[in-house]
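Asks: here are the coordinates; sequence isn't available:
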C-alpha cells in the first residue's frame, strides 16, 4: 500500500475557487423597478383608504350623525386589495434573481 500525502498550507486555502468581485450587489435594476412598482401600489392603496371618519359630515365633527362612507367599497375592498398586491410585488422583487 502506498500512502498518498498532500501538502496544504494556510496561504493556499480558498485561493482556487475565488468568485470574481466585479459585481457584488444582489439587486439589479429589475429588482429596484419592481420594488418601486410595489411601493406605488401600497401608496395608492393607503390613499384610497383615506376619507372622513364615521362622525364627520361636511368636514365637521358631529357625534350625533353617522357617515356611511366608512363602509364604501373603495375603502373596504379596493384599497386593501391594492395594499396586498403591493406587498406581494415587494416579495417578488426581493426574491427575484438578477440575470
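Replies: Received it, and whenever you're ready, just let me know what you need. Being a predicted model, the structure only gives us computed values, none of them experimental.
Asks: avg pLDDT for the one helix or strand residue 94 maps to?
Replies: In the assignment (DSSP states H and E), residue 94 maps to helix 79-95. Per-residue pLDDT over helix 79-95 has a mean of 97.
Asks: Give the other helices and strands that that helix contacts.
Replies: Contacts defined by 3 or more Cβ pairs under 8 Å, 6 or more residues apart in numbering; DSSP states H and E place helix 79-95 against helix 29-49. Just so you know, the C-beta spots here come from the backbone N, C-alpha and C atoms, and that holds for glycine as well.
Asks: And the helix or strand following the helix it packs on, how far out from the chain middle?
Replies: Going down the chain from helix 29-49, the next helix or strand is strand 56-57, by DSSP H and E. In this view, strand 56-57 has its centroid 35 Å away from the chain centroid, taken as Cα atoms, centre = their mean, to the nearest Å.
Asks: Partner strands of strand 56-57 and their direction?
Replies: strand 60-61 (antiparallel) (DSSP bridges).
Asks: Run through who's touching the strand it pairs with.
Replies: Contact with strand 60-61 is made by residue 55, as judged by Cβ atoms under 8 Å, 6 or more residues apart in numbering.
Asks: quick check, distance from that strand to the centre of its chain.
Replies: That offset, for strand 60-61, works out to 37 Å (Cα atoms, centre = their mean).
Asks: Show the subsequent helix or strand relative to that strand.
Replies: Assigned by DSSP H and E, the successor of strand 60-61 is helix 73.
Asks: Out of the helices and strands in this structure, which is least certain?
Replies: One helix or strand of the chain scores below all others by mean pLDDT, DSSP states H and E: strand 56-57, with a mean of 81.
Asks: Tell me who's in contact with the most centrally placed residue in the chain.
Replies: Nearest residue to the geometric centre of the chain (Cα atoms, centre = their mean): residue 90, 2.5 Å. Listed by Cβ under 8 Å, 6+ apart, the contact partners of residue 90 are 34-35, 38-39, 42.
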